[in-house]
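Novice: would you be able to build a 3D model of this:
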Amino acid sequence: MRTSYSSLNNFKTCPLKYKYKEIDKIKGKQTAILAFGNLMHKTLRFIYTPTAHGFPTKEEAINFFGQNWKQEILIKEGEEKGYFEDGIKILSNYIDSKDDAERNQVIALEHHFNIKIGEHDLEGFIDRIDRTKEGFEIIDYKTSQKIPPEKEIENDLQLSIYLRAFINEWPSLFKEVKETDKIKLTLYFLRHDIKLSATRTKKDLKDIDEKITELINAVEEAKKNNKFDPFPSNLCGWCDYQEICPVWSHKFKPVSKELEEKEIQEISQKFISLRAKKKEIEGEIREVQEKINKYFTDTKLEQFFTDFGSILKSPRKTYSYNPIKIAEIIRQIGKDPISVMKVDSRALTGLKAGLEREQKKMIEEAKELEREGFVLVVKGDKKV
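Specialist: Numbers count the residues shown, from 1 in each chain. Predicted coordinates for the structure are as follows:
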């Protein structure tokens, strides 16, 4: 299978989005954020590309940005001025903080790579690679406002792939530094002129191929079963496919054929009203339960009786499967670990049906106590 990180990331974000884009080949809209990001990348490549007269000046870089603006930016009326001013400010601040010595350390710009992951081909582009005093720095530009927690950088799969590609594409350069901690992996947030960097260990490198293979297997399984479920999240607001997505399409056009629009509005209003009442009742129940729980604690009873029925304090334990242990067990029995990317007790029940007794026992031993408490059981309740 030939794929890219961006394609696999689309699948992780939302399998249905992956289907629309990668299988159905439905072109997405040219959004303001995407177009602005593309032009910023193009301008940064221009900044780091020397001519016979040296590297471009700040004025030349800003002129390049302006000349390419109308060709690149397709945005709603009223947004254009804000994005244009942002671009000028970012570029001006960026160039002011750089000099020719820094620009001379660049060894690659927008480098296309193609690496083998098992029997699969993984391709992509690295924005920039610099030589540093300690070794090398792999840089990925970001034009977003949000800066993620540093923990996300440490676990960022895209940066790990870039490191894998660097070692594969420049083995002689890697021999110079020998250790992966000499290669800095950086996300450069241009709006804030902030770099967040991390490194990887040799063990991390070994894990990269496994993670990519698991993702590819999940994609192939989805293709085999033609099962690409939508995955609603905060990212839906930036999705190009809302108008055809079953989660969002009704926002743009009615899809109900059995119910008239007036009727569905009335039903929706009733549903929302009932949900509000349910929330209110649940709140009252919690308050009463707290008083009953206190009564049980104070009296040390396990059950008490009233004229309307009895209430029993019934112990309850909740268990969950340890995903790391389960993944290892499934590998041992020759199954695909992708099936436990998210451990589902129902899925494991189906899996256990075809296993030997010892194998079933191993899975059950991977259960861990998640929480312990009790529930109130009402018996013989009568109308009040």
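Novice: could you give me the buried positions within stretch 3-14?
Specialist: Using 16 or more other CB atoms under 10 Å as the test for burial, stretch 3-14 gives Thr3, Ser4, Tyr5, Ser7, Leu8, Asn10, Phe11, Cys14. For glycine as for every other residue, the C-beta is placed from the backbone atoms N, C-alpha and C.
Novice: of those residues, which belong to helices?
Specialist: Tyr5, Ser7, Leu8, Asn10, Phe11 (DSSP state H).
Novice: which of those residues sits closest to Tyr48?
Specialist: Nearest to Tyr48 among these: Tyr5, at 22.5 Å, using CB to CB.
Novice: tell me which stretches of the protein form strands.
Specialist: For the chain, the strands defined by DSSP state E cover 2-4, 106-117, 120-131, 136-142, 183-189, 194-198, 303-306, 309-321, 367-379.
Novice: right, and the ones you listed - which one's nearest His53?
Specialist: It's strand 106-117; of the strands of the chain, that one is closest to His53 (CB to CB) at 17.6 Å.
Novice: quick check: mean pLDDT across the closest one?
Specialist: What strand 106-117 shows for mean pLDDT is 94.
Novice: list the strands paired with that strand, with their directions.
Specialist: strand 120-131 (antiparallel) (DSSP bridges).
Novice: what's around the residue lying closest to Phe64 once chain neighbours are set aside, how many residues?
Specialist: Excluding its sequence neighbours, the residue lying closest to Phe64 (CB to CB, 6 or more residues apart in numbering) is Phe46, at 5.0 Å. For Phe46, the neighbour count with other CB atoms under 10 Å is 16.
Novice: buried set for the longest helix along the chain?
Specialist: Longest helix in the chain, counting residues (DSSP H): helix 261-299. For helix 261-299, burial by neighbour count (16+ other CB under 10 Å) applies to Phe296.
Novice: that helix to strand 309-321, inter-axis angle?
Specialist: Taking axes from the mean of the first three to the mean of the last three CA atoms, to 10 degrees, one finds that helix 261-299 is oriented at 100 degrees with respect to strand 309-321.
Novice: tilt between helix 261-299 and strand 367-379?
Specialist: 90 degrees.
Novice: can you name every helix or strand that helix 261-299 contacts?
Specialist: Counting contacts by 3 or more CB pairs under 8 Å, 6 or more residues apart in numbering; DSSP states H and E, helix 261-299 is packed against strand 367-379.
Novice: and the strand it packs on, average pLDDT?
Specialist: 74.
Novice: which other helices and strands contact that strand?
Specialist: Against strand 367-379 (3+ CB pairs under 8 Å, 6+ apart) you get helix 261-299, strand 309-321.
Novice: any chance of those in CSV, plus distance to Glu328?
Specialist: Output for the helices and strands packed on strand 367-379, formatted as CSV (distance: least, CB to CB, whole Å):
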stretch, distance to Glu328
helix 261-299, 40
strand 309-321, 12
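Novice: where does the stretch 51-200 of the chain have low pLDDT?
Specialist: By pLDDT under 70, the low-scoring segments of the stretch 51-200 of the chain are 70-81.
Novice: please redo it, this time with the cut-off set to 80
Specialist: Counting by pLDDT under 80, the stretch 51-200 of the chain contains low-confidence ranges at 70-82.
Novice: could you count how many residues lie near Leu369?
Specialist: 9.
Novice: got it, and Asp130?
Specialist: Look at Asp130: counted by other CB under 10 Å, it has 19 neighbours.
Novice: could you do the one 3 residues further on as well?
Specialist: When neighbours are counted by other CB under 10 Å, Lys133 registers 5.
Novice: cool, and Leu235?
Specialist: Leu235 has 11 nearby residues by other CB under 10 Å.
Novice: state the distance from the closest residue in space to it that isn't next to it in sequence to Tyr241.
Specialist: With CB to CB, 6+ apart as the criterion, Leu235 has its nearest non-adjacent residue at 5.9 Å, and that residue is Thr13. Counting by CB to CB, to the nearest Å, the gap from Thr13 to Tyr241 is 12 Å.
Novice: over to Phe55?
Specialist: Counting by CB to CB, the gap from Phe55 to Tyr241 is 41 Å.
Novice: now do Ile147
Specialist: From Ile147 to Tyr241 the distance is 27 Å (CB to CB).
Novice: the two - which one has more neighbours?
Specialist: Neighbour comparison, Ile147 and Tyr241: the larger count goes to Tyr241, with 21 against 15 (by other CB under 10 Å).
Novice: mind checking how far the residue nearest to that one when sequence neighbours are not counted is from Ile244?
Specialist: Of all residues not flanking Tyr241 in the chain, Tyr20 sits nearest, at 4.8 Å (CB to CB, 6+ apart). Tyr20 is 7 Å from Ile244, where distance means CB to CB.
Novice: okay, those two: which has more neighbours?
Specialist: Tyr20 (21 against 13).
Novice: let me know the pLDDT of that one.
Specialist: pLDDT, Tyr20: 95.
Novice: quick one: contacts for it?
Specialist: By CB atoms under 8 Å, 6 or more residues apart in numbering, Tyr20 lies in contact with Ile26, Tyr241, Ile244.
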